[in-house]
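A.B. asks: Pasting a predicted model and its sequence here:
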Amino acid sequence: MARYKGPKNRLARREGVDLGLKTPGLSAHASLLRRLKIIPGQHGQKRGRKLSDYGKQLREKQKVKRIYGLMEKQFRKYFEKAARDKANTGEVLLSLLERRLDNTVYRLGLAPTRTAARQYVTHGHILVDGKKVSIPSFQVKPDMVISAKQKLMDTPVVKKLLEDKSPNIVAWLERKGPLGKVLRLPKREDITDAIYEQLIIEYYSR
């Protein structure tokens, strides 16, 4: 199945939450927030009948998959890896998703969205410990240093992000100027997005 290339607002409206796919502050993001509770389609003004347990599980899985910009096959592989771990499956799953390089670049405030972060990585603009890494799914580890090439830092979008002297960086990362560092592995409490991982576990455990 090909990656979805349609309107990003449509995905967010389908899930009823802001998936972080639009750059905050721009008119497109403001438009999304106004229409967030309207489902796409002819009868979007009506939220429809109450979801079944399966429906809730499916929507949660779809929501998280779209937040991190993954295809179904990729997402299932993350779940299967998490399920093999002896630790809490849901927490391991979220840790694996958070530790993706594209998400890490986004969390460090070096990209306005995860989509942009993924492009930065695939285009070879991101360095890990001084070496180019062009694989968005690359798993970062403690003490790794993430940075951007000068060409990327000179772009207006990234320049503006770097001008923020007090960026809201998650606790498992730190950023000093254009340099980011992985302090430790992410914990469940580090993730403030409205994610209910138990529903995902129930979906794949049917």
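C.D. replies: Noted; the coordinates are in hand.

A.B. asks: Give the closest residue to the residue at minimal distance from the centre of the chain in space, chain neighbours not counted.
C.D. replies: With the centre of the chain defined as its mean C-alpha position, the nearest residue by C-alpha atoms, centre = their mean is residue 68, 3.4 Å away. Nearest residue to residue 68, sequence neighbours excluded (C-beta to C-beta, 6 or more residues apart in numbering): residue 97, at 5.0 Å. For every residue, glycine as well, the C-beta is placed using N, CA and C.

A.B. asks: now swap in residue 149 and tell me
C.D. replies: Nearest one to residue 149, counting by C-beta to C-beta, 6+ apart, is residue 125 at 5.0 Å.

A.B. asks: quick one: the residue nearest to residue 68 and residue 103 touch, right?
C.D. replies: Yes. Under the criterion of C-beta atoms under 8 Å, residue 97 makes contact with residue 103 at 6.6 Å.

A.B. asks: Please enumerate the shared neighbours of the two.
C.D. replies: Here residue 97 and residue 103 have residue 68 as joint contacts, going by C-beta atoms under 8 Å, 6 or more residues apart in numbering.

A.B. asks: so where is the protein shaky, pLDDT-wise?
C.D. replies: 1-19, 21-48 (pLDDT under 70).

A.B. asks: In it, mark out all the strands, start to finish.
C.D. replies: Applying DSSP state E to the chain gives strands spanning 126-128, 131-132, 145-148, 173-176, 179-182.

A.B. asks: For those strands, give me a markdown table that also has mean neighbour count and distance to residue 54.
C.D. replies: Formatted as a markdown table, those follow (neighbours: other C-beta atoms under 10 Å; distance: least, C-beta to C-beta, whole Å):
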| stretch | mean neighbour count | distance to residue 54 |
| --- | --- | --- |
| strand 126-128 | 21 | 39 |
| strand 131-132 | 8 | 43 |
| strand 145-148 | 20 | 39 |
| strand 173-176 | 14 | 36 |
| strand 179-182 | 19 | 37 |
